[in-house]
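1. Provided below for reference: sequence and predicted model.
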Amino acid sequence: MIEWKKTLLILVAGTSTSACDLLKDRPVGLGYSAKYICSYVFNSGIDEQVVIDQFVAPKVKPLPLVWGIDVDHDRQQVRVWDVIFGQRFAAQAFYTPGKGCTLLVDQSREDVAAIPFTPAASPQLDPAQPWPYGGGGKPAAPVEGVDYPRVENAVVAAFAEVHAVPVNTTSVLVAYRGQLIAEQYGKGANVNTPLLGWSMTKTITGMLAGILVDQGRMEMDAPAPIARWQGTDRESITTRNLLNMAAGLKVNEDYARLSDVTQMLYLESDQYDYALKQPVVHAPGEMFQYSTAEANRLAAAVQEAAGGTQQAMYDFYQAALFHRIDITSAFIEFDATGNFVGGAYGFMTARDWARLGELYLQRGEWNGEQVLSSGFVDFVTQPSPASPLYGGMIWLNTDGNAWPNIPGDAYFFAGHQGQHIVVVPSKDLVVVRTGVTEGRELVRDGIMAPLLAEVIASLPE
């Protein structure tokens, strides 16, 4: 029986693994489960049985056959273990207000808690003023020319469970001409729920790099400010190379088995150290390679330029970006050594995610203030030399490659399990969708394509 169970243990994406990987595969699945349950229960406040049964268990099958789970609400921590092998293989994550959940790999909770951290007070928004500059939602008067019933039907359809696998949509929000015209929530989420963006966080990291470039604290075509690269064969890699995901380092973004991304996120206390030590395989700028490790390499440069410490990084991203554009719910989680996980772990409400899209739509301007230079926005939203489909930490709908049914000037934040912020400048449109959906094709063709097409069709010519 024990050998049968060991053979069945799999990675988070659900693909069986070779026997030589089993000792590492088990901690990956347990670590993923502990981290995800902690984040969605304590960051987002979603019912733990929904999180365990609908969000996590299907992802790590057949691990639920042998797992034990303890969600400790008093201590705000989660432990997940293999009941056959016992607590020796337990994974643990715990919550810190303002910082979110931290997965413990080879450090104690006391070690992590000893890293200095004080959360900042968020700005207070006027609830009587509508989104995006106030704490309210839709404007009092409808936006002229919008077919509201058609928009609402499109939004409702994005929640419909009519596919072979659950879509688990948690939010959809539509903003047109800088005004909210539709929003809906599901799976226990609401307007105040911080929602995980997964790789949409990469685009935030790009924005933070842009702010530092605008401030003269980073340079696009100078070596990225990473001390650990000095005197190595990586020292010539530039900020531009990192933004374009073309640094030339080894990449394995395979979620179906043990890989760079699963090793880094679930088996490493110091995620930057792992990402920064990957070997060089291409000349910088030569080849686009999508990678969470690449985003963490850019995050390492951003954190170093912002002051180096966990507290300095937190203070920088809140003051320089989030609070300047009326985002009050956002935080990016840190690893166990105090590195902000700029490749994967951003949380905020759907309305705040939409504010990020709106900032790009307004070419970096917010309520009369230039938060990001328009030149940087132009740079990141144009194809890079390495790929016609990717700009600066953001995806492009070049020639309709993602969605032939929407304008080619669209660009989008995208994250694992179907997170999207789609910006369509020619339509003055921002669309947000979050959820827990397996299958990229399902998300792209079954959810986002009809949603975007119907929303655009509902707008005035």
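-> Alright, I've got the coordinates. Keep in mind that what you see is a predicted model, and the values were worked out from it rather than measured. Residues are numbered from 1 along each chain as shown.
2. my guess is Gly136 contacts Ala128. True?
-> Yes - distance between Gly136 and Ala128: 6.2 Å, which falls inside the contact criterion (CB atoms under 8 Å). C-beta coordinates here come from the backbone N, C-alpha and C atoms, glycine included.
3. the more surrounded of those two?
-> For Gly136 and Ala128, the more surrounded residue by other CB atoms under 10 Å is Gly136, and the numbers stand at 16 against 9.
4. and the closest residue to the more buried one other than its chain neighbours, how far from Ala141?
-> If the residues on either side of it in the chain are set aside, Gly136 comes closest to Pro130, at 4.4 Å by CB to CB, 6 or more residues apart in numbering. Per CB to CB, to the nearest Å, Pro130 is found 10 Å from Ala141.
5. these two: which is more packed in?
-> When Pro130 is set against Ala141 and neighbours are counted by other CB under 10 Å, the residue ahead is Pro130, at 18 against 8.
6. can you give me the strands for the stretch 201-350 of the chain?
-> With DSSP state E, counting those that start in this stretch, the ranges of strands along the stretch 201-350 of the chain come out as 331-332, 346-348.
7. which of those strands sits most buried?
-> Per-residue neighbour counts averaged over each of these give the maximum for strand 346-348, namely a mean of 27 (mean count of other CB atoms under 10 Å).
8. what mean pLDDT does that one get?
-> The average pLDDT within strand 346-348 is 98.
9. show me what that strand is packed up against.
-> Contacting strand 346-348 under the criterion 3 or more CB pairs under 8 Å, 6 or more residues apart in numbering; DSSP states H and E are the following elements: strand 195-196, helix 200-214, strand 331-332.
10. follow-up on the earlier one: now distance to Asp378 too, for the strands of the stretch 201-350 of the chain, in TSV please.
-> TSV is the format used below for the strands of the stretch 201-350 of the chain (distance: least, CB to CB, whole Å):
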stretch	distance to Asp378
strand 331-332	25
strand 346-348	23
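11. tell me the secondary structure at the closest residue in space to Tyr266 that isn't next to it in sequence.
-> Closest residue in space to Tyr266, ignoring its immediate chain neighbours: Gly31 at 3.5 Å, by CB to CB, 6+ apart. The three-state label given to Gly31 by DSSP: H, G, I helix; E, B strand; the rest coil is helix.
12. go on, the one 5 residues further on?
-> Of the three states, Tyr36 takes helix under three-state DSSP.
13. what's the closest non-adjacent residue to it?
-> Taking CB to CB, 6+ apart, and ignoring the residues beside it in sequence, Tyr36 has Val56 as its nearest neighbour in space, at 5.4 Å.
14. so that neighbour sits against Ile37, correct?
-> Yes - taking CB under 8 Å as the contact criterion, Val56 and Ile37 are neighbours in contact, 5.9 Å apart.
15. tell me which residue lies nearest the centroid of the protein.
-> A centroid search over the chain (CA atoms, centre = their mean) returns Trp198, at 2.6 Å, as the residue closest to the centre.
16. what residues are bridge-paired with the closest residue to it other than its chain neighbours?
-> Ranked by CB to CB, 6+ apart and with sequence neighbours excluded, the top spatial neighbour of Trp198 is Gly415, at 3.2 Å. Partner residues in beta bridges with Gly415, using DSSP bridges, are Gln419.
17. now do the helices in the stretch 251-400 of the chain.
-> With DSSP state H, counting those that start in this stretch as the criterion, the stretch 251-400 of the chain has helices at 260-267, 271-276, 292-306, 310-317, 350-361, 374-380.
18. then the stretch 1-150 of the chain?
-> Listed in chain order, the helices of the stretch 1-150 of the chain (DSSP H, counting those that start in this stretch) span residues 2-8, 22-38, 48-50, 109-113, 148-157.
19. would you mind saying which of the ones you listed lies nearest Gln271?
-> Comparing the helices of the stretch 1-150 of the chain by their distance to Gln271 (CB to CB), the top pick is helix 22-38, with 12.3 Å.
20. which strands or helices does that closest one pack on?
-> Secondary structure elements in contact with helix 22-38, counted by 3+ CB pairs under 8 Å, 6+ apart, are strand 67-72, strand 77-82, strand 86-96, strand 100-104, helix 260-267.
21. what lines up beside the second one in the sheet?
-> For strand 77-82, sheet partners with direction are given as strand 67-72 (antiparallel), strand 86-96 (antiparallel), following DSSP bridges.
22. what residue ranges in the protein score low on pLDDT?
-> Per-residue confidence of the chain (counting by pLDDT under 70) places the weak regions at 1-24, 255-257.
23. hmm, 80 instead?
-> Across the chain, the ranges flagged by pLDDT under 80 are 1-25, 86-89, 254-259.
24. how is the protein carved up into domains?
-> Following automatic domain parsing, one gets these domains for the chain: 2-113, 195-215+310-457.
25. mind checking which of the helices and strands packed on strand 346-348 is nearest Val430?
-> Distances from Val430 to each of the helices and strands packed on strand 346-348 were compared using CB to CB; the minimum, 12.9 Å, belongs to helix 200-214.
26. so which elements touch the closest one?
-> helix 239-243, helix 292-306, helix 310-317, strand 346-348, helix 350-361, helix 374-380, strand 411-415, strand 419-424.
27. distance to Thr118 for these - can I get that in TSV?
-> Supplementary listing: the helices and strands packed on helix 200-214 in TSV, determined by distance: least, CB to CB, whole Å:
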stretch	distance to Thr118
helix 239-243	29
helix 292-306	16
helix 310-317	7
strand 346-348	18
helix 350-361	21
helix 374-380	30
strand 411-415	28
strand 419-424	29
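28. residues touching the closest residue to Thr193 other than its chain neighbours, list them.
-> Of all residues not flanking Thr193 in the chain, Ser44 sits nearest, at 5.3 Å (CB to CB, 6+ apart). With contacts taken as CB atoms under 8 Å, 6 or more residues apart in numbering, Ser44 has the following neighbours: Ala189, Thr193, Pro194, Leu195, Leu196, Phe347.
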